[in-house]
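S.K.: just the structure for this:
(one chain, ligands or ions: 1)
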Amino acid sequence: MPGGAANASSDSLGEQQGAGYKPPRLRIRDLSVELPIIQGGMGIGVSLSGLASAVARAGGVGVIATAGIGWDEPDFHTKYKSANNRALRRHIRAVREAGPGVLGVNILVALSNYNDLVTTAVEENVDLIISGAGLPLALPELVPPDGPKLVPIVSSARAAEIICKKWKNRYDRLPDAFVVEGPKAGGHLGFKAEDLDQPEFALEKILVPVVETARKFGNIPVIAAGGVYTGADIHAMLQLGASGCQMGTRFVGTEECDASPEFKQHYLSAKAEDIQIVQSPVGLPGRAIRTPFVKDLDGDSRQPESCPFYCMRGCKKEDAPFCITRALIEAKTGNLQDGLVFAGSNAWRVDSIVPVARLMADLVAEYEAESRRHAQTQEAEPSPLAGVSGL
Ligand SMILES: Cc1cc2nc3c(=O)[nH]c(=O)nc-3n(C[C@H](O)[C@H](O)[C@H](O)COP(=O)(O)O)c2cc1C
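M.R.: Have a look, this model is predicted:
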């Protein structure tokens, strides 16, 4: 079993754990994860092998972000594709060597080296490939049915339905799970900028129809993402039909997060009003914490730069106001003057840097407290239909 993942059918401990107040295991076909928590892939260089191994060891799904992953390879500027493949292989192997646990990779559909990264992830036998910023309509072509589990990221039931129908028709396959990402997430967002604050696009609103669509196609588990911050939030999403949650922002506040101390410090000092939407050269809105670089963008004083990478398919280098890869690497390595610090809308709530094991233990404790409180409320206020015979 790759990465020490348990087999769902023979996992009696997992069954017991699902009972009572504890968070249930996350099950994705034959993969059974101790906690229903996926650490969101965070590029560039924010979730590499350091964070992913710590999360995997602590019972969640650790995820390596592949965007610009070769940033520290000597030939990153000259041999972009091979540098990224080599770095991805190195980070996957580092997680595997560190011990057992469930490992995913996050590969943006919009990346120009998408196919190469998927092929490397398959060769290195990761447990999951999580893929968004576009619909991964051709992903099954690159991954054998007994390869990594395939998990598209969607922002609507319509997108989930399109993927299911296309995969079924073309490949006789279905996604193994979905991540549904709402408008409070960090990084690139799958909404129009003007829709981000509309109540009908809130995560709890879009989650339910995605769960219904996923059930229609065969009980595909759905993972909720975007603004999930506490164990109580996880409980609320599971009550709405999610099988787990993907969390990004909260994992930036950990010792093992692979970003620079300056990047993390920027989270610690951010106030709610410092978090804003920027228009990415990829053609999608993104959420970030203000830096001098972002202020310059607001003032439109940036000059277009040359393009050393051609990293994103949607990016037109002639029109792009800045190079997203360069801006994200500056932030990851601590140069906030020229850097873009992606962050979810809850980034202002991060107030300390803790070990991943401690964060996971806190999330479990918060989940249990909420679960107990919820059960007591149910007991105190029985359903109006309780006791009615014939039901
Ligand atoms: C710094 C940062 C970088 C991100 N980079 C990526 C990425 O490379 N690919 C991706 O699919 N999502 C990316 N995301 C989104 C996260 O994976 C996650 O789904 C999202 O942030 C969840 O919302 P939360 O931050 O409120 O928990 C990023 C988020 C952050 C905060």
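
S.K.: who in the stretch 151-300 of the chain is up against the ligand?
M.R.: Within reach of the ligand by C-beta under 6 Å from any ligand atom, the stretch 151-300 of the chain has these residues: 153, 181, 184-187, 225-228, 246-249. For every residue, glycine as well, the C-beta is placed using N, CA and C.

S.K.: a strand runs through A236, doesn't it?
M.R.: No - in this structure, A236 is helix, not part of a strand, as judged by DSSP: H, G, I helix; E, B strand; the rest coil.

S.K.: flag the shaky bits of the stretch 251-391 of the chain, pLDDT-wise.
M.R.: 300-305, 382-391 (pLDDT under 70).

S.K.: which parts of it are strands?
M.R.: 275-279, 285-289, 341-342 (DSSP state E, counting those that start in this stretch).

S.K.: closest to E204 out of the ones you listed?
M.R.: strand 285-289 (18.5 Å; C-beta to C-beta).

S.K.: dump the residue contacts of the closest residue to the ligand within the stretch 251-391 of the chain.
M.R.: In the stretch 251-391 of the chain, the residue that lies nearest the ligand is G344 (2.8 Å; C-beta to the nearest ligand atom). Listed by C-beta atoms under 8 Å, 6 or more residues apart in numbering, the contact partners of G344 are K184, A185, G186, G226, G227, G248, T249, R287.

S.K.: can you tell me how far it is from L284?
M.R.: For G344, the distance to L284 equals 15 Å [C-beta to C-beta, to the nearest Å].

S.K.: okay, now Q337: neighbour count?
M.R.: As a burial measure, Q337 scores 11 neighbours (other C-beta atoms under 10 Å).

S.K.: what's around the residue nearest to it when sequence neighbours are not counted, how many residues?
M.R.: Distances taken as C-beta to C-beta, 6 or more residues apart in numbering place P292 nearest to Q337, at 5.0 Å, with adjacent residues excluded. The number of residues packed near P292 is 11, by other C-beta under 10 Å.

S.K.: is it true that P292 touches L340?
M.R.: No - between P292 and L340 there is no contact, the gap being 10.9 Å when judged by C-beta atoms under 8 Å.

S.K.: how near is the closest residue to A225 other than its chain neighbours to C164?
M.R.: Distances taken as C-beta to C-beta, 6+ apart place Q246 nearest to A225, at 3.8 Å, with adjacent residues excluded. Counting by C-beta to C-beta, the gap between Q246 and C164 amounts to 19 Å.

S.K.: how about A320?
M.R.: 34 Å.

S.K.: what is the neighbour count of P261?
M.R.: 9.

S.K.: ok, it - contacts?
M.R.: Per C-beta under 8 Å, 6+ apart, neighbours of P261: G334.

S.K.: repeat for A94
M.R.: With C-beta under 8 Å, 6+ apart, A94 has these contacts: S49, S53.

S.K.: is any residue of the host helix or strand of it near the ligand?
M.R.: A94 belongs to helix 80-98 when elements are defined using DSSP states H and E. No - using C-beta under 6 Å from any ligand atom, helix 80-98 never reaches the ligand; the gap is at least 12.8 Å.

S.K.: beyond that helix, next helix or strand please.
M.R.: Next element after helix 80-98 (DSSP H and E): strand 102-106.

S.K.: that following strand pairs with which strands?
M.R.: Strand pairing for strand 102-106, using DSSP bridges, gives strand 61-65 (parallel), strand 128-131 (parallel).

S.K.: now C164: closest residue in space that isn't a chain neighbour?
M.R.: C164's closest residue in space is F217 (C-beta to C-beta, 6+ apart), at 4.5 Å.

S.K.: A strand includes L150, no?
M.R.: Yes - counting by three-state DSSP, one finds L150 located in a strand.

S.K.: what's the neighbour count on V252?
M.R.: Using other C-beta under 10 Å: V252 sits among 28 other residues.

S.K.: tell me the contacts of it?
M.R.: M42, V46, A259, F263, K264, Y267, A343, A347, V350.

S.K.: try 7 Å this time
M.R.: V46, A259, K264, Y267, V350 (C-beta atoms under 7 Å, 6 or more residues apart in numbering).

S.K.: and the helices in this protein?
M.R.: Taking DSSP state H, the helices of the chain run over residues 12-18, 49-57, 80-98, 114-123, 139-142, 157-171, 203-216, 231-239, 249-252, 261-269, 292-298, 324-332, 356-380.

S.K.: out of the strands of the stretch 251-391 of the chain, flag the one nearest L139.
M.R.: Across the strands of the stretch 251-391 of the chain, closest to L139 is strand 285-289 (C-beta to C-beta), at 22.8 Å.
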